[in-house]
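[1] sequence first, predicted coordinates after that:
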Amino acid sequence: MAALLLLGTLSFPWFAGFDTSFRELVITWITILMAVVVICFLVSEITRNYSQVDKLWSLLPPVYCWVTVASFPTARTVIMAVLVTMWGLRLSFNFNRKGGYSIIPWKGEEDYRWKILRESTALSGRLRFGLFNLLFISLYQNIIILLFTTPILMAALYPETPLAVTDIIAAVLMVSFLMIETIADNQQFRFQTMKRSSTAVPDKFTVSLRKGFLTEGLWRYSRHPNFASEQAIWISFYLFGVAASGKWINFTLLGPVLLVLLFIGSSVMTENISSGKYPDYSLYQKEVPKFVPRIFKRK
């Protein structure tokens with residue numbers, strides 16, 4: 001299937017009109033995609049650990065970016081690659097401290113949601129979940145990773161466009177949302193650590209520990225401040241492509257749109273699980289927005 005994707009891309013007449021270096025860059029991107037899809041699918045099916053894409057989620061965008069810089073080393077592509085690398089390092093650190101990585105590459109903590117899906121009626125059985133693994137976990141998620149990184153391809157397509165105010169805005173927004181996401185993840189990690197520990201810290205997450213889920217810190221304003229920041233980071237990244245092309249709507253918009261849809265679906269599943277575990281969660285859902293905090297609180 002990945003091979004068909006490659007052949008289909010190269011067969012479009014418009015593709016031949018691009019510069020040779022740009023065509024080679026796109027081929028390199030799709031070759032990386034093909035290899036990663038195959039590896040993730042085979043390793044997850046053999047080990048029955050379906051978080052192989054999760055391990056690579058923070059690593060692939062920096063790879064795509066620096067491969068692009070190698071072919072088109074402009075000020076804009078370098079800035080974009082540095083920012084994405086900062087994002088990747090932060091996310092890898094957070095994933096690692098939760099047990100996601102292991103010395104043995106294919107091991108590590110599996111996302112609990114994959115286990116729940118494996119046991120669901122719709123996906124029970126090796127064949128059905130294997131197809132889900134191939135089409136959604138291994139293929140679709142990797143395609144989304146590639147797509148939300150494509151604004152740097154737009155920057156490579158217009159290497160002569162000078163840096164502009166939009167680039168500065170994009171960079172400032174990315175750094176700001178990276179900081180917010182870091183705070184959110186740290187709060188979540190400390191809360192989960194305290195929840196698993198028998199030792200409580202006075203006046204720290206007292207209400208949340210009683211309820212069983214985090215409602216303090218940034219979680220007072222958004223039910224998923226980390227998810228919201230992650231989406232905002234890649235929407236901000238899209239602005240670099242806007243600055244390079246001068247087009248507010250361009251083909252790289254598909255990436256952040258699909259990412260937002262993925263987070264919407266993921267959060268629905270996460271909240272259904274939380275609602276079943278914690279009696280107070282339904283009230284929390286009514287009082288606090290899912291992603292974007294309210295400017296004016298309800299009375």
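    On my side now, so go ahead. Residues are numbered from 1 along each chain as shown.

[2] burial of residue 131, as a residue count?
    For residue 131, the count of nearby residues is 12 (other C-beta atoms under 10 Å). (Glycine included, C-beta is placed from N, CA and C.)

[3] can you give me the helices for the stretch 1-150 of the chain?
    All helices of the stretch 1-150 of the chain, identified by DSSP state H, counting those that start in this stretch, fall at 2-11, 20-47, 52-56, 60-71, 75-97, 112-118, 126-132, 141-149.

[4] any idea how far the residue nearest to residue 139 when sequence neighbours are not counted is from residue 138?
    Nearest residue to residue 139, sequence neighbours excluded (C-beta to C-beta, 6 or more residues apart in numbering): residue 37, at 5.4 Å. For residue 37, the distance to residue 138 equals 5 Å [C-beta to C-beta, to the nearest Å].

[5] looking at the protein, which helix or strand does the model trust least?
    Lowest on mean pLDDT, DSSP states H and E among the helices and strands of the chain sits helix 2-11, with a mean of 49.

[6] in the stretch 1-150 of the chain, where is pLDDT below threshold?
    Applying pLDDT under 70 to the stretch 1-150 of the chain flags residues 1-17.

[7] the closest residue in space to residue 71 that isn't next to it in sequence: what's it in contact with?
    Nearest residue to residue 71, sequence neighbours excluded (C-beta to C-beta, 6+ apart): residue 25, at 4.8 Å. Contacts for residue 25 (C-beta atoms under 8 Å, 6 or more residues apart in numbering) come out as 67, 68, 71, 72, 153, 156.

[8] again with residue 289
    By C-beta under 8 Å, 6+ apart, the contact set of residue 289 is 221, 222, 223.

[9] tell me the SS of it?
    coil (DSSP: H, G, I helix; E, B strand; the rest coil).

[10] neighbours of residue 234, how many?
    By other C-beta under 10 Å, neighbour count at residue 234 equals 23.
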